[in-house]
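Participant: quick one, structure for this:
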Amino acid sequence: MSDRIAVMNNGQVEQVGPVTELYERPENTFVAEFLGETNLFEGTVHRENGRATLDCDGMEIELDGDTGSIDEFPDGTSCAFTVRPENVEIISDDEETHDNVWRGTVRDVIFKGSTTLYEIDVGYRLLKIQQQRSTDARDYEERDKMNVGFDSSDGELISES
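Facilitator: Have a look, this model is predicted:
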């Protein structure tokens, strides 16, 4: 068994490291998508008045200083933001505790044993949310409405590949 792995693409090494590092902090879109499901937002970084956002064709992702390597992406840079489905949360109507929150409609429900994967249409794209199944968790059905969100620190700003 190895404690480090290499992700290769067409004979080229994309990233080397422990599997948790590659999963949680991929360096590019290829690695992010290769190692499981993810929500990938491709766009352009905009900085104004100390605020940084990623403009993804009308959908704006709020970025903050806790977002991995944000300083490596100056204003106008094309890049991507990846956040895993287990880091996107279903939020109650009276709660606005995340950097990025949208209202959406459940388009698909995929039972996966101990978890449920929801695909939520937020108007710009489908967001994947993985929720741990428990007696406390509400089961949603197609066409149910919900608020979804994540903090920018729950994902990673990465280069496109």
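
Participant: contacts and neighbour counts: CA atoms only from here.
Facilitator: Will do.

Participant: the longest strand along the chain packs against which elements?
Facilitator: For the chain, the strand with the greatest residue count under DSSP state E is strand 100-111. Under the contact criterion of 3 or more CA pairs under 8 Å, 6 or more residues apart in numbering; DSSP states H and E, strand 100-111 touches strand 115-121, strand 145-150.

Participant: Ser92 is nearest to which of these?
Facilitator: The closest of those to Ser92 is strand 145-150. By CA to CA, the value is 6.6 Å.

Participant: partner strands of that closest one and their direction?
Facilitator: Strand 145-150 has its sheet partners listed here by DSSP bridges as strand 89-91 (antiparallel), strand 100-111 (antiparallel).

Participant: out of the helices and strands packed on strand 100-111, nearest to Leu127?
Facilitator: Nearest to Leu127 among those is strand 115-121; the distance by CA to CA comes to 5.0 Å.

Participant: can you give me the angle the following helix or strand past the closest one makes with strand 100-111?
Facilitator: From strand 115-121 onward toward the C-terminus, using DSSP states H and E, the following helix or strand is strand 126-132. In terms of direction (axes from the mean of the first three to the mean of the last three CA atoms, to 10 degrees), strand 126-132 departs from strand 100-111 by 70 degrees.

Participant: using CSV, write down the CA coordinates of strand 126-132.
Facilitator: Extracted in CSV, the C-alpha atoms of strand 126-132 (Å, rounded to 0.1, in the frame of the first residue of the first chain):
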residue,chain,number,x,y,z
LEU,A,126,-27.2,21.9,-11.1
LEU,A,127,-25.5,21.7,-7.7
LYS,A,128,-24.8,18.3,-6.2
ILE,A,129,-25.4,17.9,-2.5
GLN,A,130,-24.6,14.8,-0.5
GLN,A,131,-26.5,14.4,2.7
GLN,A,132,-25.8,11.9,5.4
